[in-house]
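Enquirer: Got a sequence here, can you model it:
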Amino acid sequence: MLTDPTVAPTSTAPSARVRLAAAWAQPWVRLAVLGAVVLALVAVYLFGQVPGSLSFALEYRSRTVAAMLVVSTAVGVSTVVFHTITQNRILTPSIMGFDAFYVLISTVIVFVSGSAAFLAFDQLTLWITQIVVMVAFSVLLFTWLFGGKRRSIHLMLLVGIVLGTFFRAFTEWMQRMLDPLDFQVLSDAMFASLTRPDETLLTLTAVLVVLACAALVPLRRTLDVLTLGEPAAVGLGVDHRRVVLVLFGSVSVMIAASTALVGPILFFGLIVANLAYSYAGSFRHVWTLPTAVLLGMVCLLGGQLVLERVLGYGGTLSTVIDFAGGLFFLYLVLRKGAR
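Expert: Below is the predicted model of the structure:
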């Protein structure tokens, strides 16, 4: 066949844009980019605007970064796993009343013993007490809701709202009867703080989170099967009841440990988990779980940088996250495709 030399040959090689889109479709590429963003934010937070001694600033800030990593891992992993179990992307352990129960525990301690005894209470003993009570409560609740034959997401949401409302109402009743000084001490303790974690408690929390995550590693493929629903999972040979109880136990430990360490952050898990589903580019938990953790780090580090260096500490990080998360929660509820 003769060709016209005046006509440029058509290239069959894919364009740069097509190659870039193909590379971006790979989950590992997206995860690598997100990891690079997290490392950049960590570097900016650790080394940017050091007012005094660099060694002191690094020691103080590195502990904050470690606390953010522990909380992001605990909340991100537990929320994604919780969504997989419940087959619902709106419910989270915090929305189910977990944070309200934490506030209730602290309020009861101050109501019974007073603020002086609360402040003098050994932090390790208080941390252990809060974890044991919260884990026992969550295991009983989740086992009751998912242990029988009737398993309704609507029932679970209703129970969570009712319990959360009851905990908050009972807490407010006790707080109204507190001395103003006791109430002030309790109010200060209720705001989540990532910038002043106790080193011992941070280490113990990290150990619990690592152990809980390690228990999930052998179940990573089982989690993918659970996304198909209980009938399909049982048909594929999954011991659904046993697996769900193990998963609930891991979720309870992670949420209890992180909440006892830094305090309640109501909508944090809802934000990072749903962003992870959209960003990861895959339904497999081997990608969604680390994506949720890294997105949590981006939210916490980015929010902390804005609060410190733009707003001049004009607020708290947990307040900003709860406000944004509340709007995001309403969006998910009103969206027709929310499950």
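
Enquirer: any idea which residue sits dead centre in this structure?
Expert: Note on the chain: the residue nearest the mean C-alpha position is Val75, at 2.2 Å, using CA atoms, centre = their mean.

Enquirer: other SSEs contacting the helix or strand hosting that one?
Expert: In the assignment (DSSP states H and E), Val75 maps to helix 54-86. If contacts are counted by 3 or more CB pairs under 8 Å, 6 or more residues apart in numbering; DSSP states H and E, helix 54-86 sits against helix 27-47, helix 199-216, helix 220-226, helix 240-262, helix 268-280, helix 285-309. C-beta here means a position set from N, CA and C on the backbone, and glycine is covered the same way.

Enquirer: would you turn these into CSV with mean neighbour count, mean pLDDT and distance to Leu317?
Expert: Putting these into CSV (neighbours: other CB atoms under 10 Å; pLDDT from 0 to 100; distance: least, CB to CB, whole Å) gives the following:
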stretch, mean neighbour count, mean pLDDT, distance to Leu317
helix 27-47, 15, 90, 13
helix 199-216, 17, 92, 17
helix 220-226, 18, 89, 30
helix 240-262, 22, 86, 10
helix 268-280, 22, 89, 10
helix 285-309, 21, 89, 5
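
Enquirer: could I get the ones you listed as JSON lines with distance to Arg61?
Expert: Shown next, in JSON lines, are these (distance: least, CB to CB, whole Å):
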{"stretch": "helix 27-47", "distance to Arg61": "5"}
{"stretch": "helix 199-216", "distance to Arg61": "14"}
{"stretch": "helix 220-226", "distance to Arg61": "33"}
{"stretch": "helix 240-262", "distance to Arg61": "16"}
{"stretch": "helix 268-280", "distance to Arg61": "20"}
{"stretch": "helix 285-309", "distance to Arg61": "10"}
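
Enquirer: Tell me which of those sits nearest to Ala189.
Expert: Ala189 sits nearest to helix 240-262 of all these, at 11.2 Å, using CB to CB.

Enquirer: For the closest one, which helices and strands make contact with it?
Expert: With 3+ CB pairs under 8 Å, 6+ apart as the test, helix 240-262 has helix 54-86, helix 99-113, helix 123-147, helix 199-216, helix 220-226, helix 230-235 packed against it.

Enquirer: mean pLDDT lowest for which of those helices?
Expert: Ranked by mean pLDDT, the helices and strands packed on helix 240-262 bottom out at helix 123-147, with a mean of 79.

Enquirer: which residues sit against it?
Expert: 85, 93, 96, 98, 101-102, 105-106, 109, 151, 155-156, 159, 163, 198, 200-201, 204, 208, 241, 244-245, 248-249, 251-253, 255-257, 259-261 (CB atoms under 8 Å, 6 or more residues apart in numbering).

Enquirer: now stretch 215-225
Expert: The contact list for stretch 215-225 (CB under 8 Å, 6+ apart) reads 77, 81, 84, 232-233, 236, 238, 243, 246-247, 249-250, 283-286, 289.

Enquirer: can you check stretch 31-47 too?
Expert: 54, 57-58, 61-62, 64-65, 279-280, 287, 290-291, 294-295, 297-298, 301-302, 304-305.

Enquirer: Quick one: closest of the helices and strands packed on helix 54-86 to Phe118.
Expert: helix 240-262 (14.4 Å).

Enquirer: and the closest one with helix 199-216, angle?
Expert: For helix 240-262 against helix 199-216, the angle by axes from the mean of the first three to the mean of the last three CA atoms, to 10 degrees is 160 degrees.

Enquirer: ok so, going back, closest one to Val70 among the helices and strands packed on helix 54-86?
Expert: Once the helices and strands packed on helix 54-86 are compared by CB to CB, helix 199-216 is nearest, at 5.0 Å.

Enquirer: Measure how the closest one sits relative to helix 285-309, angle-wise.
Expert: If you take the same axes, to 10 degrees, helix 199-216 sits at 160 degrees to helix 285-309.

Enquirer: from the middle of its chain, how far away would helix 199-216 be?
Expert: 14 Å (CA atoms, centre = their mean, to the nearest Å).

Enquirer: go on, stretch 81-90?
Expert: 13 Å.

Enquirer: again with stretch 229-241
Expert: 26 Å.

Enquirer: first vs last residue of it, how far apart are they?
Expert: One end of stretch 229-241 to the other measures 13 Å (CA to CA, to the nearest Å).

Enquirer: May I see the buried residues of it?
Expert: 230, 233, 238, 240 (16 or more other CB atoms under 10 Å).

Enquirer: Just put the residues you listed in CSV and tack on distance to Gln175.
Expert: Shown next, in CSV, are the buried residues of stretch 229-241 (distance: CB to CB, whole Å):
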residue, distance to Gln175
Glu230, 41
Ala233, 44
Val238, 45
His240, 42
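
Enquirer: mind listing what Leu104 touches?
Expert: Counted by CB under 8 Å, 6+ apart, Leu104 has contacts 167, 170-171.

Enquirer: by contact count, what packs against the helix or strand Ala169 falls within?
Expert: Here Ala169, judged by DSSP H and E, is contained in helix 153-176. Other elements packing on helix 153-176 under the criterion 3+ CB pairs under 8 Å, 6+ apart are helix 99-113, helix 123-147.
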